[in-house]
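Engineer: sequence below, structure please.
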Amino acid sequence: MALSAADLQRRHELEGAPDPFPSLVDSNPAAPAPSNGHIDTDSAEAFPSLAPAPAAVSKTPSSGWGAAPPRIRATVSKQPLISESFTIPAVDLSTAGKDGKPTSLGEVMRQVIAQYKVKIEASTNQKSRQTTFFLKSESQKELDKAKRTLLALLSPTITLVLPAPASTIPTIIGPKGSTIKQIRDQTGVKIDVPPKEALQTNGHANGASADPSRTATPLPVGNDDEDEPTIPITIIGPQPLAYEAQALLNEIIASKRSRTTQRVRDIPTHILPFIVPRRSKFQEAAAGSDVSLTLNQTAREITVSGEREGVVRVVDSIKSAVEYFTNEVTSLTMTLPKRQHRLLTGKGAEEIMAKSKCAVIVAKLEEPGDEITVYGRAADLPAGLGAVMEKANSAYIHEFPLPGPINVSRQLLTYMNRVGYPKTLSAAHPGISVYTPHPATVAKAQVLNVDIVGDKPAVDAAVSEVSALIGKLYGATKEVAIDWLVHRIVNSNKNAKKIKGFHDAHNVLVFFPPESEEQSSVLLVYDPFSPSASPSPVDKSKSLEDVEKEILKLAKDAADVKTSTVPVDKKWHEFVVGKDGTTLNAIIGEDKTLSVKVGAEAGDASTEDIILVRGISQDVDRAVKEIQKIVEDAKNDEIVSSYVTEFEIDREFVGRIVGAQGAGVNKLRDLLGVKIDFSTDPDEKEEKTSKKKKAVHQKAKVKIVGRKENVEEAKKRIITQADRLADETSEVLKIPHQYHSGLIGQSGKYVIRLEEKYGVKITFPRESAENGEGKTRESIKPDEVLIKGGKKGVAGAKSELLDAVDFEKESNNVIKFTVPTRSVARILGRSGATINEIKDNTGAQIDVDKASEDSSVTNIAVRGTKAAIAEAKAAILSISNQVTEETTDSVHVESRFHRTLIGAGGQGLRDLIARSGGPTDPKVQAGLIRFPRQGEPSDEVRLRGDPKVVARLKAELEKTVAGLRDRVVLGVEIPAAQHRVFIGRGGQHLNDLQAKTGAQIQFPGSRSYQSVGEPENATDLADVEPANLVKVSGPRAACEKAVEELKSQVKPPQAEIVGSLTVPLKYHYAVTQQGNLFRTLRSFGVHVEQSKLPQKPAVPPTPAPQSDSSARIDDADDSAPAVEAQWQVVPNYQDAEAGESEWTFKARDQASLDRAIKLVQDAVEHAEKMTHVGFLTLPDRSSFPRIVGSKGANVARLRAESGADITVSREDSTVVIVGSESAIEAAKNAILKMSSSRPRGRRDA
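Structural biologist: Numbering: from 1, shown residues only. Coordinates of the predicted model:
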């Protein structure tokens, strides 16, 4: 009986009743401790021990009639019947009549009854389309066989691929295949385990690429299972039997693995809230084993993964807890208004559990009824009910009824949902939530309410806004009846501009319902938010009527809709629908202006032998004709495809003709449209004959059904193939291993052409094993090639293969020579363009060895025909001779001038070379001047090239540097708050000022500010705040002109609000985030001044590389060299600068100041957690684009996921990661994973 909330509250104070939940430990329960709102998972009272109590030893009661034996002996009854029932969700007769199979359910049952000693009854539920079978037999064995045969005949054939760890394959196969044979016999499915040689990753024996479905695949990174390759096991058979075989194989795999995954499913909804808080208890049950738990709230299941023993213990613990709470928890039902149910789900339910140790379950909002159920121990239920009532009344809820009649209410609700008004209203009034009725309840509801939940003032304000909107909308909506089939045409791109024009001309919005709803109405709404909206009801009505006329005209122009019923027997429906609905989709067409309902979907209770077509008249007529033609063709095909022929072939050839997984016979079936069945079971006569005398050649029967012409052609092809197999021979050719790759060709194209031309199989040895023999199914040596096929084909392939060997011997010449190392760059060309051109012109292969910078010569190897290698060598030497003698020199240039000399994009260097009369070719310019890399201590700039050019370059460079050394630096005071104005958008104002004065202006925080040096007038500016000091560098006259220009543009200071905060110097760089913090503060209108700046660098220096600090990134291909990445971790603030800096904030208003101080305080707290610095040095920068991502997207994602700051260097291949120890480790692993996934390719030069 359901009780109201008031009734339950009056009954809370019950006393004297015995405790229905006595303690499992102490018979005297202690007084409950006051709850603090959190669940005490260690409380023995809340969560008693789940260990089962020892069973009491009870004495078996003796019979009251004494121990004397019965006087009447039981009669021996007949052997009892064994019965079993099972249900098939949907009977699949798609293969009925094919390959001699029964054509209907009745024929299937009669065949099984005749084949086995069983009785079968079937019952079909037409609504759910489920068929239940009842089987009876005197033999369990016969019953099992009959059940498997039924499943095989009535279920679709599917293919499953099970990835099995390589270490479990011997167990799956068993001694001499006994285990896998047992599974095959038990389930009747085909199980294919690839042979070892088919799992090599270096291609087929004949050079073709490996089939990916039969390739050993390593497990993905992060998988809970052991990191070992997997072998794909293919299972083919009827759906339930295939899944049974898969389950048996999974049991074998699980028994051999040290790690496993198990699930506790179907946890009752009211028990799950009691289980979730016990996570720590379940982890303790693992007893130190590595176990992880995952909760799927929707499916009501807990997944446990990890070490097998620990998983078993944890699963047992969870099941024990579920059983305990199922037995111990009781419930009470109460009623609350539906609107308050929203407050008792999600976080609200968690708060109730934490406070009262009770769970509350509410019905779905779309379901009728106001009842809720509270679950808990009897002692906790009063507190639970109180917590429910407290939570239900914790927020103000206003039910806003949409004005009627109901069709108008639905129109208003549709408009609000389509424009997203609930979200807009929630955003405009923070702290409230807006809920509209569930779509499932709208059709049946008589009144539609909008619930607004939150604090009363905010709710009242929102209600006022909704009332104003409803006032504008009432009388401003209208529904137009338009058949849903023409919505797509009316609302097409062709009419889009016109429909949009309705709003411009009439202020009316048009809403088409979703196509899936098949709703034949269109909603028109007079836009209440438009500035041009009229408050007059007359204007609204006239606008809606005008648009209605236009919409109806568009619908009339689109099409006229009609319905046609086509009588079609049910057995032809599958031909109209086609496989996976393909034929039906073709009939409906791309525009989908048709609705086709087949059989029961047509809704005619009297018959299913119809097809209902509805849509545009022209399309309906077309579809009816197509349906009638398909049915007629199917009837005719049934008549002409009944020719049958039978013949025999040698049984030993059946497997070769059928092919792997039926590929050969399936190709023949699809090509000729016939049904082919092979029967290898000997008949009774043959069995008797074989006992007396063993037959020399056992025969197999072949039965072909179809059109006579196609059947005869299929018979001819099968006999021809059998004769060819009978003529098959093999031959081994001695061919040196060095020529094999040339004979195979790229991706095996040459050898595949030979195989197809002569109808043979050519096998080349793979990598040599330890015993010297190739790893192939046939035992061949490294210098042997095996040809198998017909005698004539083998002879032809042998002749052509030997001719190809002679050609390889002629064209496989090699010559090696050296060239000066200085000419290698010119020989290769940009991105290898020159060397590739020589290869294309001569047809030779060219390999250029990488030489060190100290080496004066480089080795080059050319391979090909004699003419080709001679021509390639001459071309290479011709380029080498064009490179003249070089000289080297150096000029001492301070590092502070390097950036100025190089210029933007290297333009400064190009201008310097041009002034010196150097070459204009960018290829030649590339090596003339080389500056030290960033981080190198040297200030020497090296020059290399033609002696005359080097001399002129040196003189020009020294002249330019001398001018840079003579420049001056002046300082000028500019308030930091005005710096942005002086710089301008995109630096435009600053660039104009520099161009006008001829001086360089550096603002605090710019990249070159510190390197410019101290200003000459520093003593005059001693009292100026560092943040206000702007440096001007260049010729003195230009600097003085720039200073005067800057002073003239300074605006007088305004009154500001000042605040301060102390920031440790060691956190300075982490807090400022490379200046990003100050840019953010400036966007608030806040300027910051610092009393002191740190002198030490942002992060500790990169430590020296160590042999044990490398992280290997191993490619899946073992033959590829391993890539080394250096990983070093140091404490972040170990040698950090001591002391503190006083930050002074100047803002326009108090809100901006408070916001800025809060932002800096949060940044300081974040900096305290950044305890470690990791230096990840990759071999090169090739993977940096993937690490950074588009516009830094990947780095930003890594920062968000790991919580570490990541800096990717622009000059070298080091990535600096700052954060907690766990955060930098996670970021490092993610970067290594991204860098190791790059594709690999061979570089010839």
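Engineer: for Lys553, grab the count of nearby residues.
Structural biologist: Neighbour count for Lys553, taken as other CB atoms under 10 Å: 11. Any C-beta I mention is one placed from the backbone N, CA and C, and that applies to glycine too.
Engineer: how about Lys562, nearest residue that isn't a chain neighbour?
Structural biologist: Ser617 (4.9 Å; CB to CB, 6 or more residues apart in numbering).
Engineer: roughly how far does that neighbour sit from His1166?
Structural biologist: Distance, Ser617 to His1166, by CB to CB, to the nearest Å: 69 Å.
Engineer: of these two, who's got more company?
Structural biologist: Counted by other CB under 10 Å, Ser617 and His1166 do not tie: His1166 has more neighbours, with 16 against 12.
Engineer: check the spacing between that one and Pro782 real quick.
Structural biologist: If you go by CB to CB, the gap between His1166 and Pro782 works out to 63 Å.
Engineer: just Gly454 next, same as before
Structural biologist: 81 Å.
Engineer: more neighbours, these two?
Structural biologist: Neighbours per residue (other CB under 10 Å) separate Gly454 from Pro782, with Gly454 holding more: 21 against 16.
Engineer: can you pull the contacts of that one?
Structural biologist: Going by CB atoms under 8 Å, 6 or more residues apart in numbering, Gly454 touches Ala395, Tyr396, His429, Gly431, Ile432, Ser433, Ala462.
Engineer: neighbour-wise, which one of those residues leads?
Structural biologist: Ala462 leads those on contacts (other CB under 10 Å) with 24 neighbours.
Engineer: for the residue nearest to it when sequence neighbours are not counted, give me the pLDDT.
Structural biologist: Leaving out its chain neighbours, the residue that sits closest to Ala462 by CB to CB, 6+ apart is His429, at 4.7 Å. At His429, the predicted lDDT confidence score is 90.
Engineer: and the one 10 residues further on, by the same measure?
Structural biologist: Looking at Pro439, its pLDDT is 81.
Engineer: next one: Ala33
Structural biologist: Note for Ala33: predicted pLDDT of 39.
Engineer: could you shift the numbering so residue one becomes 516, and keep it that way?
Structural biologist: With 516 as the first residue, the last one maps to Ala548.
Engineer: tell me the contacts of Leu1059?
Structural biologist: Here Leu1059 is in contact with Ala991, Thr992, Lys993, His1021, Val1023, Leu1039, Tyr1041 (CB under 8 Å, 6+ apart).
Engineer: in the helix or strand containing it, what counts as buried?
Structural biologist: Here Leu1059, judged by DSSP states H and E, is contained in helix 1052-1073. Residues Lys1055, Ser1058, Leu1059, Val1062, Glu1063, Glu1065, Ile1066, Leu1069, Ala1070, Ala1073 are the ones in helix 1052-1073 that count as buried (16 or more other CB atoms under 10 Å).
Engineer: show me what contacts the fifth one?
Structural biologist: Same thing as Glu1063. Lys993, Val995, Leu1039.
Engineer: what of the second one?
Structural biologist: Counting by CB under 8 Å, 6+ apart, Ser1058 touches His1021, Asn1022, Val1023, Tyr1041.
Engineer: quick one: the closest residue to it other than its chain neighbours and Gly1502, what's the gap?
Structural biologist: Leaving out its chain neighbours, the residue that sits closest to Ser1058 by CB to CB, 6+ apart is His1021, at 4.1 Å. His1021 sits 50 Å away from Gly1502, going by CB to CB.
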